[in-house]
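In: Structural data only, the sequence is not supplied:
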């Protein structure tokens, strides 16, 4: 029998204690604060460069699985450069844009986030979801070198942090220290909390990078490594042959993301669907120690983060997630756990979130499942749906979840994994399908037309007036556009910068047009107005929702809580329609401060948020 570490004896005792009458009540419901948030998702490397002294250097963005090495003449890309223009070092490689783009860095860091907290408060957000901050060589940082440290180039002293890390024993949490990047992050958390802003951090417990400390030990010692059972390794190298037989499973067959081993899997494992099983106990121990480190630094939960966004959650067995929820809630009962449960079969079928949203697994998912039908309604086109279909789709998704969890969902639209909201609407085809100029020469990559802006704003009115907490992908409020990943990860368009005009990539040379790139104050103010309304009227947060009969391209619903009632009317069609309020209802439009009663003529592409008087 394998020796069971004392750590897991304690965890097992905790699991037993949480069963039956002694079950921790925080397991059964989402955190009380979850339904009241305005989320803002930050991709730090592209958010703001607050400290040019910590900018990345070639050796720290290098990994063994890169398509080509970082060139000797590599340099940071200027923040304001045309996105589609290749740097001198990139041109010299002779490689295509999409390949050299993976080596591009702009120097965004934690100091940049600190510098922009006033901006975020002005916008009105109340919670930040950070894409991975863990130390990693890539841009996206899902390829962790260390789970338990923040990226050395997000902090003020990368070289000093390297020396600290070198003194530690990665598998022994008692040797872990706080680097300058770690300390700055905890200071950022403190500053956010003082402003009433919650903080969650993105982690993938499904895979690491090839620079991860345990993986490097495997590369060195092969079958002799004590971590040999941590990963999905298909075969080790035979030192007696010239051939290298080393083979392993990477997430989605990506060699740079070796997958952690799954154990006790029951039945067939189907991508996009839940399955029973667990993960290696030593890997679990390490994950739990990392989790505790950020939830309760130095044993103090008040100084830690407020939860986790959990990457590719359906790839990890449910047995692990049940233990993980219990462990997290034992440290911080009001911690928020949101899973990425997205595709069952891309690009047509989204995954069912119900097996994950309950008192056993997560508090929420990134709720793409309600964005997809909403987009179809507001965009129209070949894949458009009418108001009845939208209503049926939304009700089906909400009713699919336990009632206590419906208001806690993270209502996303654009994210780091999808086209920016404006570009998603500008390209009216199938959701997230060929929304890039490389697969689709007809893809609209530049500034959208006026109709797109109007339709996006109608959708935003919808997003901010339905149950669940709305989420903003950093920069969308600035009016940024961008095709699918990685072209949705442009550096943010801060108003103090003057940007080079941006080429419309899919226009042929000689006919190429350019768009002016600048912060869109009008768009920002629209977001800010909707956020302010949601904060001012609790009925928009916690009120019941009831859909009312309406013409095919008009969606009408009431939010009601006690005696307070707000009716939302959105005409996504190209012609005026009439909507009749309940008899005797007098109302004022919170968008334009106009009074209404009886029958209302709703112009095309127009919306009202009507507060009953």
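Out: Arrived safely. From a predicted model like this one, the values you see are computed outputs, not experimental measurements.
In: drop to CA atoms for contacts and neighbour counts, all remaining ones
Out: Will do.
In: which residues in the stretch 201-350 of the chain form strands?
Out: Per DSSP state E, counting those that start in this stretch, the stretch 201-350 of the chain carries strands over the ranges 233-235, 247-248, 262-266, 276-279, 307-310, 336-339, 343-345, 349-350.
In: What about residue 118, how many residues nearby?
Out: Residues lying near residue 118 (other Cα atoms under 10 Å) number 12.
In: and the residue of the chain positioned farthest from its centre, how far is that from residue 598?
Out: Largest separation from the mean C-alpha position in the chain: residue 240, at 46.1 Å (Cα atoms, centre = their mean). Using Cα to Cα, to the nearest Å, residue 240 is found at 87 Å from residue 598.
In: got a list of what the residue sitting nearest the centre point of the chain touches?
Out: In the chain, the centroid-proximal residue (Cα atoms, centre = their mean) is residue 415; its distance is 5.5 Å. Counting by Cα atoms under 8 Å, 6 or more residues apart in numbering, residue 415 touches 41, 472-473.
In: can you list the residues you listed in a markdown table and add pLDDT and secondary structure?
Out: Below are the contacts of residue 415 laid out as a markdown table (pLDDT from 0 to 100; DSSP: H, G, I helix; E, B strand; the rest coil):
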| residue | pLDDT | secondary structure |
| --- | --- | --- |
| 41 | 99 | strand |
| 472 | 99 | strand |
| 473 | 99 | strand |
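In: What is the nearest of those residues to residue 123?
Out: Using Cα to Cα, residue 472 comes nearest to residue 123 of the contacts of residue 415, at 10.8 Å.
In: The closest residue to residue 418 other than its chain neighbours and residue 423: what is the separation?
Out: Of all residues not flanking residue 418 in the chain, residue 484 sits nearest, at 5.1 Å (Cα to Cα, 6 or more residues apart in numbering). Taking Cα to Cα as the measure, residue 484 falls 9 Å from residue 423.
In: Looking at the two, which is more packed in?
Out: Set side by side, residue 484 and residue 423 show more neighbours around residue 423, with 28 against 23, by other Cα under 10 Å.
In: Report the residue ranges of every domain in the chain.
Out: 213-259, 543-612 (automatic domain parsing).
In: which one of these is the most hemmed in?
Out: Highest mean neighbour count of the domains of the chain: domain 543-612, a mean of 17 (counted as mean count of other Cα atoms under 10 Å).
In: Can you give the distance of that domain from its chain's centre?
Out: Domain 543-612 has its C-alpha centroid displaced from the chain centroid by 32 Å (Cα atoms, centre = their mean, to the nearest Å).
In: And it, end to end?
Out: Distance across domain 543-612, first residue to last, is 14 Å (Cα to Cα).
In: likewise stretch 569-582?
Out: End-to-end distance for stretch 569-582: 13 Å, by Cα to Cα.
In: And stretch 295-304, by the same measure?
Out: Across stretch 295-304, the terminal residues are separated by 4 Å (Cα to Cα).
In: next one: stretch 503-517
Out: With Cα to Cα as the measure, stretch 503-517 spans 10 Å from end to end.
In: Stretch 275-288 too?
Out: Terminal residues of stretch 275-288 are spaced 21 Å apart (Cα to Cα).
In: which of the residues in that stretch are buried?
Out: Within stretch 275-288, the residues scored as buried using 16 or more other Cα atoms under 10 Å are 275-280, 282-288.
In: quick one: which of those is nearest to residue 88?
Out: Using Cα to Cα, residue 287 comes nearest to residue 88 of these, at 41.1 Å.
In: Quick check, that closest one in contact with residue 207.
Out: No. Counting by Cα atoms under 8 Å, residue 287 does not reach residue 207; the two are 11.5 Å apart.
In: Tell me which stretches of the stretch 1-150 of the chain form strands.
Out: 39-42, 127-130, 134-135, 146-150.
In: Those strands into TSV, with extra columns for mean neighbour count and distance to residue 214?
Out: Output for the strands of the stretch 1-150 of the chain, formatted as TSV (neighbours: other Cα atoms under 10 Å; distance: least, Cα to Cα, whole Å):
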stretch	mean neighbour count	distance to residue 214
strand 39-42	22	29
strand 127-130	22	25
strand 134-135	24	14
strand 146-150	24	10
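In: Tabulate those in a markdown table, adding columns for distance to residue 438.
Out: Shown next, in a markdown table, are the strands of the stretch 1-150 of the chain (distance: least, Cα to Cα, whole Å):
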| stretch | distance to residue 438 |
| --- | --- |
| strand 39-42 | 26 |
| strand 127-130 | 29 |
| strand 134-135 | 31 |
| strand 146-150 | 34 |
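In: Relative to residue 334, which of those is closest?
Out: When the strands of the stretch 1-150 of the chain are compared by Cα to Cα, strand 127-130 sits nearest residue 334, at 14.1 Å.
In: ok now that closest one, how far from the chain's centre?
Out: The mean C-alpha position of strand 127-130 is separated from the chain mean by 9 Å, Cα atoms, centre = their mean.
In: just checking, what packs against it?
Out: Applying 3 or more Cα pairs under 8 Å, 6 or more residues apart in numbering; DSSP states H and E, one finds that strand 127-130 contacts strand 39-42, strand 198-203.
In: Those: which one's closest to residue 381?
Out: Of all the helices and strands packed on strand 127-130, strand 39-42 sits nearest to residue 381, with 29.0 Å by Cα to Cα.
In: which strands and helices sit next to the closest one?
Out: Judged by 3+ Cα pairs under 8 Å, 6+ apart, strand 39-42 is in contact with strand 127-130, strand 469-473.
In: I'd like to know how far the residue nearest to the centre of the chain sits from residue 474.
Out: Distance from residue 415 to residue 474, by Cα to Cα: 8 Å.
In: list residues touching both of these two?
Out: Residues touching both residue 415 and residue 474 (Cα under 8 Å, 6+ apart): residue 41.
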